[in-house]
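1. structure here, sequence nowhere to be found:
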């Protein structure tokens, strides 16, 4: 039975409905409504998740307002039930809605897991940590199950036998010719009668034999004429056979390619990790400052792996970044504050490819959203101060990260954004 996360918030006392089941039903209806809206607009997954994970989110945040509007539709007197805006209840509703949507939509599942991993690492949710652990674990297992199918390498590759049905023979069925005995009889009779005409002559024998020979020859010629083969056009059947063979070979190659794609991908990633070379910057990561290198590694890895990738890929990136040399200035703690990291990401020349992709993935920020919005739309926003940083991405300016933390954070945001972007693209194509 699927777990209901609203009840878990009730169990730990995070929300209090005074034992009123009627109010609980209203919360359930609101969660279901928001889940439906989320499946129609998967791009909201990131903001829903970030708001749900932050107990200190502003009450005026657009996502909080959207959840409150949905709750009012189910509970008209909700404003009279609470002294202020019930952010704790709205966050619980949002998490329940996210899990419901993620259970039925793989793209939402990917965005939820990656965003939640980033958000809860910097949110004050100690009393809710077990609830979030269960939610992320459930959905992450779902994502890994799908990813395993795309990354797996089977022991054997089965190819169906060649499917080819020859076309039916053209023309009528040929009958076996036989000698026309009546005609041959007439011919030999004429030859016998001719003997009487030549009995008195000394040369009758050659004439008679010639007449008999002609009669038999005519009979044989008639049979031979009927046995003569009719010209056959093999163009159509040979063309059909060629198409069947081509389709069979294509299917066999596709099966082989699909079966070995996971192995090839893993091999390429191992080569990338050992080489520590950036295909986007055309330079060795070792020649770059570690935090610049980690951001580029996040971008390069994102472009090498599919949307549905196992959680271990993030761990793989973390280990790859740990192979970079540590700068002398960073040897003590190896950390930088998020404000300076964001400033570099928005202005440094080396981050231009990252900014271009971020602008495609994320819109200009309105309320709580990903760092990608701030990075990709730097010209639209101007300077981002500490207050704006806290409001827009839920991080304090003084929050510090290691190079591995920074690269992993950016990679998860890229994966989340691509998942919902692809999902939206598929929906538009169907329309």
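-> Cool, got the structure. Predicted, not measured: the structure shown is a model, and the values here were computed from it. Numbering: from 1, shown residues only.

2. which stretches of the stretch 1-150 of the chain have low pLDDT?
-> When residues are selected by pLDDT under 70, those of the stretch 1-150 of the chain lie in 1.

3. rerun at 80
-> 1-3, 18-19, 83, 125-126, 150 (pLDDT under 80).

4. quick one: the helices in it?
-> 5-11, 21-40, 45-52, 62-74, 78-81, 87-104, 106-120, 129-151 (DSSP state H, counting those that start in this stretch).

5. and the longest one with helix 45-52, angle?
-> In other words, helix 129-151. Computed by axes from the mean of the first three to the mean of the last three C-alpha atoms, to 10 degrees, the angle separating helix 129-151 from helix 45-52 equals 160 degrees.

6. tell me which other helices or strands helix 129-151 touches.
-> helix 5-11, helix 87-104, helix 106-120, helix 235-275 (3 or more C-beta pairs under 8 Å, 6 or more residues apart in numbering; DSSP states H and E). In short, each C-beta sits where N, CA and C put it, glycine included.

7. re the thing from before, tell me which of the helices of the stretch 1-150 of the chain is the most buried.
-> The highest mean neighbour count among the helices of the stretch 1-150 of the chain, using mean count of other C-beta atoms under 10 Å, belongs to helix 45-52: a mean of 28.

8. next up, the contacts around the nearest residue to residue 409 once chain neighbours are set aside.
-> Distances taken as C-beta to C-beta, 6 or more residues apart in numbering place residue 118 nearest to residue 409, at 5.4 Å, with adjacent residues excluded. Residues near residue 118 by C-beta atoms under 8 Å, 6 or more residues apart in numbering: 409, 412-413.

9. so residue 47 sits right up against residue 368, yeah?
-> Yes: using C-beta atoms under 8 Å, residue 47 is in contact with residue 368, at 5.3 Å.

10. which neighbours do those two share?
-> Shared contacts of residue 47 and residue 368, counting by C-beta under 8 Å, 6+ apart, come down to 62-63.

11. surely residue 416 and residue 47 touch.
-> No: counting by C-beta under 8 Å, residue 416 stays clear of residue 47, with 10.8 Å between them.

12. picking that back up, now render the helices and strands packed on helix 129-151 as JSON lines, adding distance to residue 19.
-> Below are the helices and strands packed on helix 129-151 laid out as JSON lines (distance: least, C-beta to C-beta, whole Å):
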{"stretch": "helix 5-11", "distance to residue 19": "10"}
{"stretch": "helix 87-104", "distance to residue 19": "15"}
{"stretch": "helix 106-120", "distance to residue 19": "29"}
{"stretch": "helix 235-275", "distance to residue 19": "52"}
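
13. for residue 405, find the nearest of these.
-> Nearest of the helices and strands packed on helix 129-151 to residue 405, taken as C-beta to C-beta: helix 106-120 at 9.7 Å.

14. domain map for this protein?
-> 5-151, 181-227, 276-430 (automatic domain parsing).

15. any chance of those domains in a markdown table, plus distance to residue 243?
-> Shown next, in a markdown table, are those (distance: least, C-beta to C-beta, whole Å):
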| stretch | distance to residue 243 |
| --- | --- |
| domain 5-151 | 30 |
| domain 181-227 | 34 |
| domain 276-430 | 29 |
